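>>> Let's see this in three dimensions:
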Amino acid sequence: MLVKIFGSAVFGVEATTITVEVNMDKGIGYHLVGLPDNAIKESSFRIAAALKNNGFAMPGKKIIINMAPADLRKEGSAYDLTLAIGILVGSAQIKADEVDKYIIMGELSLDGGLQPIKGALPIAIKAKEEGFKGFFLPKQNAKEAAIVSGLDVYGVENLKEVIDFFEGTGTLEPTIFDTRAEFYKTLDFPEFDFSDVKGQESIKRCMEIAAAGGHNIILIGPPGAGKTMLAKRLPSILPPMTLREALETTKIHSVAGKLKEVGLMNQRPFRSPHHTISNVALVGGGSYPQPGEISMAHNGVLFLDELPEFKRDVLEVMRQPLEDREVTISRAKFTVTYPSSFMLVASMNPSPSGFFNDPDVPSKSSPHEMNRYMSKISGPLLDRIDIHIEVTPVPFDKLSEERKAESSVDIRKRVTNAREIQSKRFEEMDKVNYNAQMNTKQIREFCVLDEGSKQLLKTAMERLNLSARAYDRILKVSRTIADLEASENVEASHIAEAIQYRSLDREGWLG
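Down below sits the predicted model:
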């Protein structure tokens, strides 16, 4: 008897439907074909134990299982439930006339219980596109898959529940998830708030500009100046995610298996990898490519603390994703593309000792040490960071102030207003939503300067020996400053402020 059951495989952030063909014939043997990996090959032992512990048996026949398309590599233990139901139907131990109308996925425990799977959201999206009636999966993933409307999502705890459903002896209620209601109901603020930060008004201004235009920023200052504290609070002033952004971000975290049970993500991600991270872990990859930290930070913030401590080759692999806002991982037989539109926030000490040109600190670094320290960060990478700002220690009188600083809520309102101006500006442009994403042509169109502004920028370019890319960065930041002031034109004052935010271009940083 031949039976067809449907599962799904995830490549990148998209799913592909897998047809599992189970054929029962005379003889003995268990043959699994269609490029399964070791986790799938081992499933026969889990399935046999799960069937026995639920009152069924592995049939003593020749079982041939084909996973089509046969030239596509399948991996993971999520096909256990698919294969188990196929074997039961194929051996006539249960009757399931409508089994081909459902996607069935789940990892089996030996007692028939189900363990969570990765990629439930893209699988559910694909199932709806291809007209499947429903989706059986572990209960832990049900809310995630139920984000997709128009598909019956059944979260099950064990194998017996699925068997009872198909035989008509048990009922299952589809998981209901009101995407919009849940998304807007929990649009609260992170636990970190700018009102906790004493002093540092100029740095807060920089963070506001960075958030308003989606600009990359690097904070340079001695230990204890508050660089990490400020970086952690940046997501609290970013505009709320749109529903589309939330779905994109949830999809990536679903594929990586990092999604919590809440279902739809509504907070912008904040990723802070350790400086010992490898380049594959940062940008993604592996034999079966998985998203890296830059993709996990999509639509959010990637914070690299102590930037020069990262290996140089790790930092260099970020250069292209920072420009293209996506990362493409190529293998011999396939190519996977992950989105990686994130804000880069980096921090660093100004010298190996942590103190640079500070008369109150006797510990100094030699010019050779300074050169070696700064050479860990390449010029092209620094050119891709729009804002360089020095963070100085907060004096005691500011630390001891009782007055509360401006809250993230108030700053966020100004940032959101500036983003709305940018949304209208770029509404007819594909893949451009805010100023940091402008290309050279768009910069020339939207950052028109008068003669005074041009002369000011020319002088700065000559004195600081800035690159063409740095020139574009200054214009982008100027445009954002103008948007925060609701100014239609970029003025000399906006250019002057933007030039101040290129600290690492000034002389004196190499001792």
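
>>> Helices of the stretch 51-200 of the chain, residue ranges please.
Counting by DSSP state H, counting those that start in this stretch, the stretch 51-200 of the chain has helices at residues 80-90, 120-129, 142-145, 159-167, 179-185.

>>> now the ones you listed in CSV, with mean neighbour count and mean pLDDT?
Where you see a C-beta, it was placed from the backbone N, CA and C, and this is true even at glycine. Listed next are those as CSV, based on neighbours: other C-beta atoms under 10 Å; pLDDT from 0 to 100:
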stretch, mean neighbour count, mean pLDDT
helix 80-90, 26, 97
helix 120-129, 23, 96
helix 142-145, 26, 93
helix 159-167, 20, 96
helix 179-185, 13, 70
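
>>> looking at these, which is closest to Glu401?
Each of the helices of the stretch 51-200 of the chain was scored for nearness to Glu401 using C-beta to C-beta, and the closest is helix 179-185 (35.9 Å).

>>> hang on, the earlier thing: for the helices of the stretch 51-200 of the chain, which one sits closest to Gly112?
Checked against C-beta to C-beta, the stretch from the helices of the stretch 51-200 of the chain lying closest is helix 159-167, at 3.9 Å.

>>> Mind giving me the packing neighbours of the closest one?
helix 80-90, strand 152-156 (3 or more C-beta pairs under 8 Å, 6 or more residues apart in numbering; DSSP states H and E).

>>> hang on, the earlier thing: reformat the helices of the stretch 51-200 of the chain as TSV; add distance to Leu247.
Below are those laid out as TSV (distance: least, C-beta to C-beta, whole Å):
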stretch	distance to Leu247
helix 80-90	26
helix 120-129	8
helix 142-145	11
helix 159-167	28
helix 179-185	8
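
>>> residue contacts, the nearest residue to Phe194 once chain neighbours are set aside?
What sits nearest to Phe194 in space, not counting adjacent residues and going by C-beta to C-beta, 6 or more residues apart in numbering, is Ser408, at 4.7 Å. Taking C-beta atoms under 8 Å, 6 or more residues apart in numbering as the contact definition, Ser408 lies against Phe189, Phe192, Asp193, Phe194, Ser195, Arg233, Ser236, Ile237.

>>> Scan the residues you listed and report the most crowded one.
Neighbour tally across the contacts of Ser408 (other C-beta atoms under 10 Å): the maximum, 25 neighbours, falls on Ile237.

>>> Can you list the buried residues in the longest strand anywhere in the chain?
Secondary structure of the chain per DSSP state E: the longest strand is strand 14-25. Neighbour-count burial for strand 14-25 flags Glu14, Ala15, Thr17, Ile18, Val20, Glu21, Val22, Asn23, Met24 (criterion: 16 or more other C-beta atoms under 10 Å).

>>> same check, this time on stretch 416-426
Buried residues in stretch 416-426, counted by 16+ other C-beta under 10 Å: Ala418, Arg419, Ile421, Gln422, Arg425, Phe426.

>>> what's the answer for stretch 460-476, then?
Applying 16+ other C-beta under 10 Å to stretch 460-476 flags Ala460, Met461, Leu464, Leu466, Ala470, Tyr471, Asp472, Arg473, Ile474, Leu475, Lys476 as buried.

>>> Adding secondary structure and distance to Met241, write the residues you listed out as TSV.
Shown next, in TSV, are the buried residues of stretch 460-476 (DSSP: H, G, I helix; E, B strand; the rest coil; distance: C-beta to C-beta, whole Å):
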residue	secondary structure	distance to Met241
Ala460	helix	36
Met461	helix	37
Leu464	helix	36
Leu466	coil	34
Ala470	helix	30
Tyr471	helix	32
Asp472	helix	27
Arg473	helix	25
Ile474	helix	29
Leu475	helix	27
Lys476	helix	22
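
>>> and of those, the nearest to Lys160?
Nearest member of the buried residues of stretch 460-476 to Lys160, counting by C-beta to C-beta, is Lys476, at 59.1 Å.

>>> nearest residue to that closest one other than its sequence neighbours?
Asn435 (5.1 Å).

>>> next one: Ile18
Nearest one to Ile18, counting by C-beta to C-beta, 6+ apart, is Gly7 at 4.6 Å.

>>> Could you do Ala142 as well?
Excluding its sequence neighbours, the residue lying closest to Ala142 (C-beta to C-beta, 6+ apart) is Gly155, at 2.7 Å.

>>> And for that neighbour, the neighbour number?
Residues near Gly155, counting by other C-beta under 10 Å: 24.

>>> contacting residues around the residue positioned nearest the centre of the chain?
The residue lying closest to the centre of the chain (C-alpha atoms, centre = their mean) is Met296, at 2.4 Å. Contact analysis of Met296 by C-beta under 8 Å, 6+ apart lists Ile252, His253, Ala256, Lys258, Pro269, Arg271.

>>> mind running it again at 6 Å?
Counting by C-beta atoms under 6 Å, 6 or more residues apart in numbering, Met296 touches Arg271.

>>> Got the confidence number for it?
On pLDDT, Met296 comes in at 96.

>>> any idea how far Gly285 is from it?
Distance of Met296 to Gly285, computed by C-beta to C-beta, to the nearest Å: 13 Å.

>>> what do you get for Gly112?
The spacing between Gly112 and Gly285, counted by C-beta to C-beta, is 36 Å.

>>> Neighbour count: those two, which is higher?
Gly112 (25 against 21).

>>> Look up how far Ile87 lies from the residue nearest to that one when sequence neighbours are not counted.
Nearest residue to Gly112 in three dimensions, chain neighbours excluded: Leu159, at 3.9 Å (C-beta to C-beta, 6+ apart). Distance, Leu159 to Ile87, using C-beta to C-beta: 11 Å.

>>> again with Pro352
The value you get for Pro352 to Ile87, if C-beta to C-beta is used, is 63 Å.

>>> low-confidence ranges in the stretch 201-350 of the chain?
For the stretch 201-350 of the chain, residues meeting the criterion pLDDT under 70 lie at 261-262.

>>> which residues in it form helices?
Under DSSP H, counting those that start in this stretch, the stretch 201-350 of the chain gives helices at 201-213, 227-232, 243-256, 279-283, 293-296, 312-316, 319-324.

>>> Adding distance to Tyr373, write those helices out as CSV.
Converted to CSV, the helices of the stretch 201-350 of the chain look like this (distance: least, C-beta to C-beta, whole Å):
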stretch, distance to Tyr373
helix 201-213, 22
helix 227-232, 16
helix 243-256, 34
helix 279-283, 21
helix 293-296, 24
helix 312-316, 12
helix 319-324, 20
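
>>> quick one: which of these is nearest Ala142?
helix 243-256 (12.6 Å).
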